Every structure is written in C-alpha cells, then in structure tokens.
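what follows is a predicted structure for the sequence shown.
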Amino acid sequence: MSDDSGDGDLVLAVGSDHQFAALAEVLGNPAWAKDPRFATNPDRVNNRSALRALLEAQLSTRGAEDWRQLLQLAGVPCGGVRTVGEALTSAGERLVARLSRADGHSEGQVMSPIRLEGEYLRPYKPAPELGGEVL
C-alpha cells in the first residue's frame, strides 16, 4: 500500500484474526476486528475492496516508516518495499554471498532469508565442472 508521505510503500502480511485485531488497534480502529465484514480471514477476503479503502485512508495519515515501526512493535507482520538495489545494500543485513568461480571471478547471489538455529542457509554452489567434485 502506498502512503501519501512519499517515504515509500508498506506491505502488510496479516494472516490471522489475532494479527488483524492488532492491526486495527494500532490504526486506531479496534472495532474493525468485530465488524462482521472483517471478523475472520474469509470475511476480510470477501470484503477486500471495502477493507482496502479503510486501510489506505488510515495509513495515508502517517509515513510508511512510522507505521512500520508501530506495527512491528505490535507484532503485525509488515515491511517497507525496497528496490533490489536498496535490499542488497541495506546496512547490517547479510543478503549477498560471493561465490568464487574457476576463472577467478566472483558472482553475487541473494542469500536465503531462512535461518536454522540462528544461521543463514549456505548459498547455492554452481554445478562442478565435468570430472570435478564427486560426492
């Protein structure tokens, strides 16, 4: 969803009734969670146009970054929309791994966002040359 502040777009990933209630609370409209049009996820899907209009009207009152911070504090899954360049250069985020190729060059690869036991998954390796690495 776009906001009128010009500081970007915001993605909401509200997949449960509990998350929707938290969203409605943060947006200052807790009654939305009890509204029969929006009480359950199927209700929200069936009334998507009406809900989207309400959300866009409310979200346009502040910047995307302000909403992102407030919603994340409330446990509502959301995030700012970034360009590929912004995502790859974000400070403090390990998003790109460098893989060395046989010709001495390296190529970037977008890292998986999945972590197991606190560690990122290893980057994919290119297929070995014929006669190369054998398992």
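Noted; the coordinates are in hand.

any low-confidence regions in this structure?
1-6, 87-115, 120-127, 132-135 (pLDDT under 70).

any chance you could map the helices in it?
For the chain, the helices defined by DSSP state H cover 17-26, 41-46, 48-59, 64-73, 84-89.

turn those into CSV, including distance to Glu119 and mean neighbour count.
Where you see a C-beta, it was placed from the backbone N, CA and C, and this is true even at glycine. Compiled in CSV, the helices of the chain are given as follows (distance: least, C-beta to C-beta, whole Å; neighbours: other C-beta atoms under 10 Å):
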stretch, distance to Glu119, mean neighbour count
helix 17-26, 27, 19
helix 41-46, 33, 13
helix 48-59, 35, 14
helix 64-73, 23, 17
helix 84-89, 20, 11
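
to Val11, which of those lies closest?
Smallest distance to Val11 across these (C-beta to C-beta): 9.3 Å, for helix 64-73.

contact partners of that closest one?
The contact list for helix 64-73 (C-beta atoms under 8 Å, 6 or more residues apart in numbering) reads 3, 5, 7-10, 12, 22-23, 26, 59, 78-80.

quick one: which of those is most hemmed in?
Counting neighbours by other C-beta atoms under 10 Å, Leu23 comes out on top of those with 24 neighbours.

the residue nearest to it when sequence neighbours are not counted: what's it in contact with?
Leaving aside its sequence neighbours, Leu23 sits nearest to Val76 (C-beta to C-beta, 6 or more residues apart in numbering; 4.9 Å). Applying C-beta under 8 Å, 6+ apart to Val76 gives the contacts 12, 14, 19, 22-23, 26.
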